[in-house]
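A.B. asks: got a sequence here, can you model it:
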Amino acid sequence: MANPRFSAAGRWVLAASILGSSMAFIDGSVVSVALPVLQEEFGAPASSAQWIVEAYQLFVASLVLVGGSLADRYGRKKIFVIGTSAFAGASLACGLAPNTLALIAARSVQGIAAALLIPSSLALLGAAFTPGQRGRAVGTWAALTGIAAAIGPALGGWLVQAVSWRAVFLVNLPIAAAVLAIALRKVPESRSPSGGPLDLAGAALATFGFGAIVYGLIEAPALGWANPLAWGTIAAGLASVAALTLVELRVGHPMVPLGLFRNRTFAAANLLTFFLYAALAAIFFFIPFVLIQARRYTPAQAGAAILPLVFIVAALSRPAGAVADRVGPRLPLTVGPLVAGAGFLLLGLLPASGSYVATMLPALSVLGLGMAITVAPLTATVLNGVPGKDQGTASGISNAVARVAGLLAIAIFGILAVSSFERTLDPLLDAARISHDTRAQLAPERAKLGAMKPPEGLPPAEANAVRTAVRKSLDGAFRVVSLGCAVLALLSAACAAIGVAGPARSRRRGPAS
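C.D. replies: Got it, this is the predicted structure:
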């Protein structure tokens, strides 16, 4: 029987891995609450706020699989230390950024660093623990990094309100210092140099392809769809993604082995992941804006508003996984997204006015219940759908699919939000009898959406009417986004109902080895 206690060396590796991963995961969630405040301070358009998130997500999504290969080839500790150091340097640059362009550039470097840091942190665990202890070590890592990511929005809201949005990035520096101190002194080096050549062509095509698509989608509302820069970059991105598919079919050691998708359950589970995590990314991008700019929450209140969802997922995921083991994955993977879809629907239908308990809490609780039903069986289904030797690759693919889904969703739902905001704003300005001169002064502000402010010198009544119209328009845009997310959740449920193997077949096959 394996020793239930971790060795001292193992505990140091676990500490470094958890702290390093938590830094990257917290950063992914904590920034969202800072965006509305940051946008107002810089007077930036909504597209800049999108890029602050998208620049990070683009490089993590495109390079995370290559990051794992680099760790195996050149040394897991070495890549982990490089990723942590680069992440800390980029965080400092974010915290000191003088404008949005500098911030977006620093966020891009953060994304590259996270693509090295996240997979190497898990690879360190795989090398440091025996098979008998590895599952418990990974479970500890998952639980604690999940808690860290969960407290991110609340921490971010408090930092923004008590200190500054810059503190959201600078808080990474002491964490990174602790990680590097442990890693350099206590973590042994390990590598697996027999993994084959790196798929650099695949990584380059993925980065350019998704980057070009996202650029076109985000900038199209301002440029106009007839502008060659808008449709041309989207076309170039799609061509690059098509070329990526051809490269992955022909290269000897592909970043994404497309043959795994011949398994119907694996393909369906990843399609489910794409739709559901696209909806989650979109809703959690827009929630802080609507809470802070439209419903007058403080940043701390906006961050704390999401905590009930997190607690529900944390409390119910394990029992939901046990139920899925008994009944098979198809039922929970169909029911879970349907319940999540009901949560998205409530976000779109519940009134904007009223207390948090009467408006946001019911919707977020239902959404949390749906995710709790879904998460554990979805992970198990992805892993059980491939041979044992490919489970690490399958896990990486599923992670990348979720990130690409979020990357595209924020860009696409941004178009939907801008369109809805514009359609709602003009009738409200008409109803308030806002003058043509005032509208002309407001025109350059429209790109800021909820951060749009009335011109200085307006009579108080007219200024208040403009603010009210902006708040109502932003809230209406959020409702449209929420209903779109509900549709995505329905599509994810359909993927499970049609494509995931039923209980008898799942039990017969079991985890492949």
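
A.B. asks: could you use CA atoms for every contact and neighbour count after this?
C.D. replies: OK.

A.B. asks: quick check, Val310 in contact with Gly152.
C.D. replies: No: using CA atoms under 8 Å, Val310 is not in contact with Gly152; the gap is 10.7 Å.

A.B. asks: who's more crowded, these two?
C.D. replies: Between Val310 and Gly152, counted using other CA atoms under 10 Å, the more crowded position is Gly152 (27 against 21).

A.B. asks: who's in contact with the more buried one?
C.D. replies: The contact partners of Gly152, by CA atoms under 8 Å, 6 or more residues apart in numbering, come to 26-27, 29-30, 303.

A.B. asks: just for the protein, where's the confidence low?
C.D. replies: 1-6, 131-132, 134-135, 138-139, 142-143, 192-196, 386-392, 502-513 (pLDDT under 70).

A.B. asks: show me it divided up by domain.
C.D. replies: Domain assignment for the chain, taken from automatic domain parsing, gives 8-187, 200-254, 262-513.

A.B. asks: buried residues in stretch 323-333?
C.D. replies: For stretch 323-333, a neighbour-count test (16 or more other CA atoms under 10 Å) marks 323-325, 328-333 as buried.

A.B. asks: secondary structure and distance to Arg423 added to those residues, as CSV?
C.D. replies: Shown next, in CSV, are these (DSSP: H, G, I helix; E, B strand; the rest coil; distance: CA to CA, whole Å):
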residue, secondary structure, distance to Arg423
Val323, helix, 46
Ala324, helix, 44
Asp325, helix, 48
Gly328, coil, 46
Pro329, coil, 42
Arg330, helix, 40
Leu331, helix, 40
Pro332, helix, 39
Leu333, helix, 36
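
A.B. asks: out of those residues, the closest to Ala409 would be?
C.D. replies: Leu333 (21.1 Å; CA to CA).

A.B. asks: got the contact list for that closest one?
C.D. replies: 373-374, 377-378, 493, 496-497.

A.B. asks: highest neighbour count among those?
C.D. replies: Thr374 (30 neighbours).

A.B. asks: now it, nearest residue through space, not along the chain?
C.D. replies: Sequence neighbours aside, Gly336 is the residue nearest to Thr374 in space, at 4.9 Å (criterion: CA to CA, 6 or more residues apart in numbering).

A.B. asks: so what's that neighbour up against?
C.D. replies: 369-374, 493.

A.B. asks: again with Val466
C.D. replies: Neighbour list for Val466: 429, 434, 453-454 [criterion: CA under 8 Å, 6+ apart].

A.B. asks: try Tyr277
C.D. replies: Taking CA under 8 Å, 6+ apart as the contact definition, Tyr277 lies against 402-403, 405-406.

A.B. asks: among those residues, which one lies nearest to Pro36?
C.D. replies: The closest of the contacts of Tyr277 to Pro36 turns out to be Gly406 (CA to CA; 18.9 Å).

A.B. asks: where does the closest one sit, in terms of helix or strand?
C.D. replies: helix 391-431 (DSSP states H and E).

A.B. asks: picking up where we left off before, looking at the buried residues of stretch 323-333, which is nearest Val382?
C.D. replies: Pro329 (10.4 Å).

A.B. asks: that closest one reaches Thr379, doesn't it?
C.D. replies: No: look at Pro329 against Thr379 with CA under 8 Å: they stay out of range, at 10.1 Å.

A.B. asks: just the helices from the stretch 151-300 of the chain, written as ranges.
C.D. replies: 166-170, 172-186, 200-223, 228-250, 264-289, 299-305 (DSSP state H, counting those that start in this stretch).

A.B. asks: returning to what we had before: the contacts of Leu333: which two are farthest apart?
C.D. replies: Pairwise across those, and taking CA to CA, the largest span is found between Ile373 and Ala497, at 14.8 Å.

A.B. asks: about what we covered before: out of the helices of the stretch 151-300 of the chain, which gets nearest to Gln39?
C.D. replies: Nearest to Gln39, of the helices of the stretch 151-300 of the chain and by CA to CA, is helix 264-289 at 9.9 Å.

A.B. asks: how far off centre is that closest one?
C.D. replies: Relative to the centre of its chain, helix 264-289 is centred 9 Å away, using CA atoms, centre = their mean, to the nearest Å.

A.B. asks: that helix: which residues count as buried?
C.D. replies: Residues of helix 264-289 classed as buried: 265-283, 285-289 (neighbour count, 16+ other CA under 10 Å).

A.B. asks: again, but for stretch 334-350
C.D. replies: 334-348.

A.B. asks: packing partners for the helix holding Gly406?
C.D. replies: Counting contacts by 3 or more CA pairs under 8 Å, 6 or more residues apart in numbering; DSSP states H and E, helix 391-431 packs against helix 46-74, helix 200-223, helix 264-289, helix 360-384, helix 460-499.

A.B. asks: dump those helices into TSV; add distance to Ile397 as well.
C.D. replies: Shown next, in TSV, are the helices and strands packed on helix 391-431 (distance: least, CA to CA, whole Å):
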stretch	distance to Ile397
helix 46-74	8
helix 200-223	13
helix 264-289	8
helix 360-384	9
helix 460-499	17
